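> Let's see this in three dimensions:
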Amino acid sequence: MSEKILYLECNSGISGDMTVAALLDLGASREVLMEALESLPLTGYSIEITDVYKSGIRACDFNVILDAAHENHDHDMAYLYGDTHAHDAAVSNEHAHTHADRTRLHEHAHTSHDIHTHTTGEMNDLHEHEHAANETSGVPAHHHHHDARNLNDIAQIIMAGHLTEGAKSLALKIFRILAQAEAKVHGKSIDEVHFHEVGAVDSIVDITAAAVCLDNLHPDQVVVSALTDGTGQIRCQHGLIPVPVPAVTAIAANEHLQLKIRNVEGELVTPTGAAIAAAFRTESTLPDSFEILHTGFGAGKRTYTGVSGFLRAMLLQSSAEEDHDTILSLETNIDDCTGEALSFTLQQLLKEGALDAFCIPIYMKKNRPAYLLKVLCQPDDRAKMEAIIFRNTTTIGIRFQEMHRTKLDRRIIAVETPWGMADVKSCMYGSDTYYYPENDSVKQLALLNEIGFSEMYGMIQSYTREKGL
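Presented below is the predicted three-dimensional model:
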């Protein structure tokens, strides 16, 4: 059975607006997106979608235009890097001269939303406070942080919108990943984190829009390449911070994302982009072979020397006959650990996502009886599996190797049999289908009907095959 795969190629980094633009260019519905954004209790912005050219290639540009009260200068190169990048900022003006396709979402009022009234009051108080502070602190007049929201504030905004359950869940997942990273960076609990740049109107719109577009495309799997970032420093509300910025490195560590550093001075991966990549990704590698159905290009706002400046998204079709993936095999020899500890370790490994975990009796040097502990897992789960083994056994070293696997398309189906309801694993290869009753169902029905286990297994399997389910 073939699968539809979304592939995000992040050779020039990734940000929220680049992701939305790439998904729109790939075919996500603009009408669905606009209806969803219009339903959010947010004001102070408009949306512009245009065709632009980056490195001579036509790309889609998704632009959240903030009014003066909400402007955060996120794309102001002179502010972010100082006067040394002013020329780059001027060069980036070539980005927005082609308006082949423009869609605007005008500023809109949501006076009926209690959440908006409450949030606006908080924003006004913060706005007045920061105006007074800036007069004595020397903070640049244009750098106000009007939108300091916590995770609960943002969740209420998203839940108030007319989005599908899938889009809401995905948007909240992205914000949770961001909140965990910010909490780690600032040494606070997740409930204490107040977003500034990420809690701003444009970031809420970018993240919600990305979730809506992915939900609309509805791929079976999402593969994300290594995130390419630059070097140097960038200015934020706290001062100068290194690139990759701390929130990005925290997300990469928490979510096991791969980072790749290029000799480019500048921030190519934003925290929003990293969080979207982590929330979207379901697979680490592409299938060995595939057909490209569509390609989309999402333009970035900032211009750097040496990078193309766009995110490429591809919609791919894989075939069941070529359904391969890459897994890791972890193993260690243990001769001084109790059976109880090994049993507990195996249970924890399987609970945390191991594909399989088992022990094989062996003899080690000096002919001491021992066990070979083996674990099969996804590459992204290696660190988690190793932590469980080191924490619960006496081993001091773990070997691992990459393995390639051919998979059959499989699913669990519920079958109403003459003996009761049974869960059956259905596996397909080409035109052939194989049925394997689940162990727990077989045991339950064997006891209920006073039939032997093997006989019950065969009866359920034969019945399911005859029905052709």
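> When you work out contacts or count neighbours from here on, use the C-alpha atoms and nothing else.
Noted.
> Quick check, central residue of this protein?
Centroid-nearest residue in the chain, with Cα atoms, centre = their mean: residue 279, separated by 1.8 Å.
> pretty sure it is touching residue 173, no?
Yes. Using Cα atoms under 8 Å, residue 279 is in contact with residue 173, at 6.4 Å.
> circling back to that earlier point, now the residue nearest to the centre of the chain: closest residue in space, sequence neighbours ignored.
Among residues not flanking residue 279 along the chain, residue 174 sits closest, at 5.7 Å (Cα to Cα, 6 or more residues apart in numbering).
> pLDDT score for that neighbour?
As predicted, residue 174 sits at a pLDDT of 93.
> got the contact list for it?
207, 275, 276, 278, 279 (Cα atoms under 8 Å, 6 or more residues apart in numbering).
> can you redo the residues you listed as JSON lines with secondary structure?
Output for the contacts of residue 174, formatted as JSON lines (DSSP: H, G, I helix; E, B strand; the rest coil):
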{"residue": "207", "secondary structure": "helix"}
{"residue": "275", "secondary structure": "helix"}
{"residue": "276", "secondary structure": "helix"}
{"residue": "278", "secondary structure": "helix"}
{"residue": "279", "secondary structure": "helix"}
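> is it possible to export the residues you listed to CSV including pLDDT and distance to residue 374?
Formatted as CSV, the contacts of residue 174 follow (pLDDT from 0 to 100; distance: Cα to Cα, whole Å):
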residue, pLDDT, distance to residue 374
207, 95, 40
275, 95, 32
276, 97, 33
278, 93, 28
279, 92, 29
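> Pull the most distant pair out of these.
Spatially, the most separated pair among the contacts of residue 174 is 207 and 278, at 12.5 Å (Cα to Cα).
> For those two, indicate the residue with more neighbours.
Counted by other Cα atoms under 10 Å, residue 207 and residue 278 do not tie: residue 207 has more neighbours, with 26 against 21.
> Farthest from the middle of the protein: give me that residue.
Most distant from the centre of the chain: residue 366, at 49.3 Å, with distances by Cα atoms, centre = their mean.
> so where do the helices sit in the stretch 201-350 of the chain?
With DSSP state H, counting those that start in this stretch, the ranges of helices along the stretch 201-350 of the chain come out as 201-217, 246-255, 271-280, 339-351.
> Ok, which of the ones you listed comes nearest residue 311?
When the helices of the stretch 201-350 of the chain are compared by Cα to Cα, helix 271-280 sits nearest residue 311, at 10.7 Å.
> who are the neighbours of the closest one, in terms of helices and strands?
Counting contacts by 3 or more Cα pairs under 8 Å, 6 or more residues apart in numbering; DSSP states H and E, helix 271-280 packs against helix 16-26, helix 165-186, helix 201-217, helix 246-255.
> and after the first one, which helix or strand comes next?
Where DSSP states H and E defines the elements, the next helix or strand beyond helix 16-26 is helix 30-38.
> Which strands or helices does that next one pack on?
If you count contacts as 3+ Cα pairs under 8 Å, 6+ apart, helix 30-38 packs onto helix 201-217.
> hey, C-alpha coordinates of the helix it packs on in CSV?
Output of helix 201-217 as CSV, limited to C-alpha atoms (Å, rounded to 0.1, in the frame of the first residue of the first chain):
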residue,chain,number,x,y,z
VAL,A,201,1.0,38.0,17.0
ASP,A,202,3.1,37.1,13.9
SER,A,203,4.5,33.9,15.6
ILE,A,204,1.0,32.8,16.7
VAL,A,205,-0.3,33.3,13.1
ASP,A,206,2.8,31.5,11.6
ILE,A,207,2.4,28.5,13.9
THR,A,208,-1.3,28.2,13.5
ALA,A,209,-1.1,28.6,9.7
ALA,A,210,1.6,25.9,9.5
ALA,A,211,-0.6,23.5,11.5
VAL,A,212,-3.7,24.3,9.3
CYS,A,213,-1.8,23.8,6.1
LEU,A,214,-0.3,20.4,7.2
ASP,A,215,-3.6,19.2,8.4
ASN,A,216,-5.1,20.2,5.0
LEU,A,217,-2.5,18.4,3.0
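> quick one, that helix and helix 271-280 angle?
Helix 201-217 runs at 20 degrees relative to helix 271-280, counting by axes from the mean of the first three to the mean of the last three Cα atoms, to 10 degrees.
> which secondary structure elements does the helix or strand where residue 158 lies contact?
For residue 158, the element it lies in under DSSP H and E is helix 151-160. Where contact means 3+ Cα pairs under 8 Å, 6+ apart, helix 151-160 is packed against helix 114-137, helix 165-186.
> In contact with residue 337, which residues?
Going by Cα under 8 Å, 6+ apart, residue 337 touches 393, 394.
> Tell me the backbone dihedrals of it, please.
Phi and psi for residue 337, reported as degrees, to the nearest 10, are phi -130, psi 140.
> quick one, what contacts residue 271?
Shown in contact with residue 271 (Cα under 8 Å, 6+ apart): 15, 178, 245, 247, 248, 251.
> Of those, which is the nearest to residue 443?
Nearest to residue 443, judged by Cα to Cα, of the contacts of residue 271 is residue 251 at 43.7 Å.
> How about the closest one: what's its closest non-neighbour residue?
Using Cα to Cα, 6+ apart, the closest residue to residue 251 is residue 181 (5.5 Å).
> does that neighbour really touch residue 250, like I thought?
Yes. In this structure, residue 181 is within contact of residue 250 by Cα under 8 Å, at 5.2 Å.
> Compare neighbour counts for these two and give me the winner.
Ranked by neighbour count (other Cα under 10 Å), residue 181 and residue 250 place residue 181 first, with 26 against 23.
> on that earlier part again, give me the common contacts of residue 279 and residue 173.
If you check residue 279 and residue 173 against Cα under 8 Å, 6+ apart, no residue is contacted by both.
> hey, which helix or strand in this structure has the poorest pLDDT?
helix 114-137 (a mean of 35; mean pLDDT, DSSP states H and E).
> what's the burial count for residue 38?
18.
> Check the one 4 residues further on too.
Summarising burial for residue 42: neighbours were counted as other Cα under 10 Å, giving 24.
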